[in-house]
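J.: Output the structure for:
(one chain, ligands or ions: 1)
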Amino acid sequence: MNTFLSCDWGTSSFRLRLVSRTGGHVLQEYTSPDGVQQIYNAYQQELQSSDRESYFFAFLNNKISAFSMQTDIDLDGLLLVCSGMASSSIGIKSLAYAGLPFSCSGRDVVFHFFKPSANFGHPLLLVSGVRAEEDVMRGEETQLIGVMAKIKDVKGNGMFIFPGTHSKHVAVQNQKISNFQTFMTGEVYSLMSRASILSKSVSSSDSQGPEMEKAFEQGVADGAEQNLLSAFFKVRAKDLFGKFNKFENSQYLSGLLIGNELGNLADESGNSVFLCSDARLSGYYSKALQILDIPSTVLSPELLRYAAVYGQIEIINQIEMHEKDIFLGCL
Ligand SMILES: O=C(O)C(=O)C[C@@H](O)[C@H](O)CO
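T.: Residues are numbered from 1 along each chain as shown. Okay, here's the model as predicted:
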């Protein structure tokens, strides 16, 4: 079989794709905000009448049936590959992390293979994450494997930035992850703009303009230079003193956080920086890198959209190469 189902399941998003293994073409796609966190919370509220694995399998069965109806394609028995938070303490099954150094070829991936069962009729390859001394990631390693497979001119060294709820700065040396660091940029933005006193001083908007850009630029510069806990309060002061309106202030807050995150890259001189972002955040991060004078290569947001799919294909290839019989009859 040349097609498989690819699931990139994050804390707050669910992406299911029908993929042709040759060339990595995405034939059909379904996305929803049904992140792992939401399913785990629902499982906990339902008085745990079933075990966690069965609960997640029931959810996946429903999603795959709906996907099959929507596309009018028979998906029965297709291999499902799942990366991201599905292998975490709030996912289908908690898997141990792989350690460092971690090869970007996919060779070092820790995984669990579920044969088709009465509960779930698909063979399932559940991909685990990677741990550092004091940090963890699940999902970004698979995206990085995909990026490295597609970008042939990357020499195998550099700092790879994956913006998001939990932004990752991943250091790669000789095609291996040597270390990484998480920045809670997206999550802190959401908390500060919704749940703190600053919620009264900011309003998000999709519109752009020179004033909005100026506010973002100032935020990036202040965030990179100043103590963040103190800089946060300037958002309130700017509102009270009429220096920025609430839309501009939202850009300023966003700039503060991104500037503070990227300010850490000042020590990276001599190491190439690669921005690995989807379309939603690429503009903000590339602008911030420019403002901070950090030379970087901005990878195409279209490549990042499907990086998890490309990474999963590399992982399948590696597993097939080293554990020949595992997919017998599934692929
Ligand atoms: O492994 C875990 O439990 C995580 O929390 C990893 C998380 O940071 C993802 O990498 C991105 O959200």
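
J.: in the stretch 201-331 of the chain, what spans have low per-residue confidence?
T.: Within the stretch 201-331 of the chain, the ranges that satisfy pLDDT under 70 run 269, 324, 328-331.

J.: wait, what's in contact with the residue in it that the ligand sits nearest to?
T.: Per Cβ to the nearest ligand atom, Ala308 is where the stretch 201-331 of the chain lies closest to the ligand, at 12.0 Å. Where you see a C-beta, it was placed from the backbone N, CA and C, and this is true even at glycine. Neighbouring residues of Ala308 by Cβ atoms under 8 Å, 6 or more residues apart in numbering: Ser6, Asp8, Arg15, Ser83, Gly84, Gly139, Thr142, Gln143, Gly146.

J.: can you map out the helices along the stretch 101-250 of the chain?
T.: Using DSSP state H, counting those that start in this stretch, the helices of the stretch 101-250 of the chain run over 140-150, 185-195, 210-225, 228-240, 246-263.

J.: could you dump the third one to CSV, C-alpha only?
T.: Output for helix 210-225, consisting of C-alpha atoms alone and laid out as CSV, is shown next (Å, rounded to 0.1, in the frame of the first residue of the first chain):
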residue,chain,number,x,y,z
PRO,A,210,2.7,51.7,10.0
GLU,A,211,1.5,52.4,13.6
MET,A,212,1.0,48.7,14.4
GLU,A,213,4.4,47.9,12.9
LYS,A,214,6.0,50.6,15.0
ALA,A,215,4.5,49.2,18.1
PHE,A,216,5.7,45.7,17.3
GLU,A,217,9.2,46.9,16.5
GLN,A,218,9.4,48.8,19.8
GLY,A,219,8.1,45.7,21.7
VAL,A,220,10.8,43.5,20.0
ALA,A,221,13.6,46.0,21.0
ASP,A,222,12.3,46.4,24.6
GLY,A,223,11.7,42.6,25.0
ALA,A,224,15.3,41.8,23.9
GLU,A,225,16.8,44.4,26.2
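
J.: Tell me what angle it forms with helix 228-240.
T.: 150 degrees (axes from the mean of the first three to the mean of the last three Cα atoms, to 10 degrees).
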